[in-house]
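Participant: Sequence first, then the predicted structure:
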Amino acid sequence: MVVVTTTDLVSEAPPRPLDRILLIGASRGLGLALADEWSGLGRHVVATVRGSSRTPLHELADRDDRDVEIETVDITAPDQIAALRDRLSGRTFDLLFINAGVTNEPDGTVAETTDEEFTRVMITNALSPLRVIEALADLVEPDGTIGVMSSGQGSVTNNVNGGHEVYRGSKAALNTYVRSYAARHVGDRRSLVLMAPGWVQTDLGGSEARLTVDDSIPNVVTTLDSLSGSTDLRYVDYLGRTVPW
C-alpha cells in the first residue's frame, strides 16, 4: 500500500530556484498578489486570466520593472486547457501554481445549495485543478514544483465548527484528488504542495479576514521556495506549518 505523508519542512534535496513560474488564475486577489510578489523578486511569470477584458494583471504586466506574460484560460473548459498546453509547447517552468478557485453564493448548508451551484463550485475547485495538473505537468522541470492553492478549510480534522460547507467540501475533495495524483506518481521528483494561505482580506476572504495580502503572500512564496527539492506531498499553511488532513 502506498502511503503519502505530509511532514515538517525537511527537503530531500537543496531547494532549487523557482525562477520560471506558470501561475494559473491571477487576474485579482491572491493570484494577482502572487504575480506581483514573484515578478518583484525578478522572476519570470506567465500568468493567466479567464477572458479578454483588461484586469489589474495587465497593469502589472505593463510595468517596465516586471517580467510578466499574460495567457488566457478558463480552467473549467478542457478545450481551453488543451489550447494553453499547445501554446506553451516547448517551454519549461520551475513552478506550476494553480490558484484559480471560487466560493459559493449564497453560503448555506449542503442541503440548501442548488445542484447548479454545488456543481459549479466542485468543478472549479476540485475537478479543474487536476485537469490542469494532468495537462501541464510535463511543462514542469523534472525536479520542479507543482503547487495548488487549497485552504485550511479543506482540513477534515480541523473542521470542528462547520460552516462554509460547500467550499470546505470542494477543498477537501481537491486535497484528496491531489493526494491520489501523488500516489499515482510515486518516484516523480517534482515537489507537490497544497497551500493554505490563511484567511486573507480579498474579495473571496472578505474584509473581516485576519490577514492582509502582505501578511500572507510573501510567506507563501518563501514556503514554496523552501519546499522545492522535496519529494513528498506537503499540505502546509503560509508559514510552512503542516496542516492536518
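Facilitator: Yep, it's here.

Participant: Are there helices or strands packed against the longest helix that the chain contains, and which ones?
Facilitator: When the chain is parsed with DSSP state H, its longest helix is helix 165-184. Applying 3 or more CB pairs under 8 Å, 6 or more residues apart in numbering; DSSP states H and E, one finds that helix 165-184 contacts helix 115-122, helix 128-136, strand 191-196, strand 233-237. No exception for glycine: its C-beta is placed from N, CA and C like everyone else's.

Participant: Tell me the spacing between Val186 and Thr231.
Facilitator: 9 Å (CB to CB, to the nearest Å).

Participant: re earlier: take the helices and strands packed on helix 165-184 and lay them out in CSV including mean neighbour count and distance to Leu32.
Facilitator: What follows is the helices and strands packed on helix 165-184, written out as CSV (neighbours: other CB atoms under 10 Å; distance: least, CB to CB, whole Å):
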stretch, mean neighbour count, distance to Leu32
helix 115-122, 14, 21
helix 128-136, 20, 18
strand 191-196, 25, 16
strand 233-237, 22, 20
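
Participant: and Val166, which of these is closest to it?
Facilitator: helix 115-122 (5.3 Å; CB to CB).

Participant: Just give me how far that closest one sits from the chain centre.
Facilitator: Averaged C-alpha coordinates place helix 115-122 at 20 Å from its chain's average position (CA atoms, centre = their mean, to the nearest Å).

Participant: thinking again about what came up before, now the helices and strands packed on helix 165-184 in CSV, with mean pLDDT and distance to Thr109?
Facilitator: Listed next are the helices and strands packed on helix 165-184 as CSV, based on pLDDT from 0 to 100; distance: least, CB to CB, whole Å:
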stretch, mean pLDDT, distance to Thr109
helix 115-122, 96, 11
helix 128-136, 98, 24
strand 191-196, 98, 23
strand 233-237, 97, 25
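
Participant: who's in contact with Leu239?
Facilitator: Leu239 is in contact with 219, 223, counting by CB atoms under 8 Å, 6 or more residues apart in numbering.

Participant: my bad, should have said Phe97
Facilitator: Phe97 neighbours (CB under 8 Å, 6+ apart): 21-24, 34, 145-149, 224.

Participant: quick check, nearest of those residues to Thr109?
Facilitator: Nearest to Thr109 among these, with distances taken as CB to CB, is Met149, at 24.4 Å.

Participant: how close does the nearest residue to that closest one once chain neighbours are set aside sit to Val200?
Facilitator: Using CB to CB, 6 or more residues apart in numbering and skipping the chain neighbours, the partner closest in space to Met149 is Asn99 (4.5 Å). Asn99 sits 12 Å away from Val200, taking CB to CB as the criterion.

Participant: Compare neighbour counts for those two and give me the winner.
Facilitator: Neighbours of Asn99 and Val200, each counted by other CB atoms under 10 Å, are more numerous for Asn99; the result is 25 against 22.

Participant: Please look at that one and Leu34 and confirm they touch.
Facilitator: Yes. Between Asn99 and Leu34 there is a contact under CB atoms under 8 Å: 6.5 Å.
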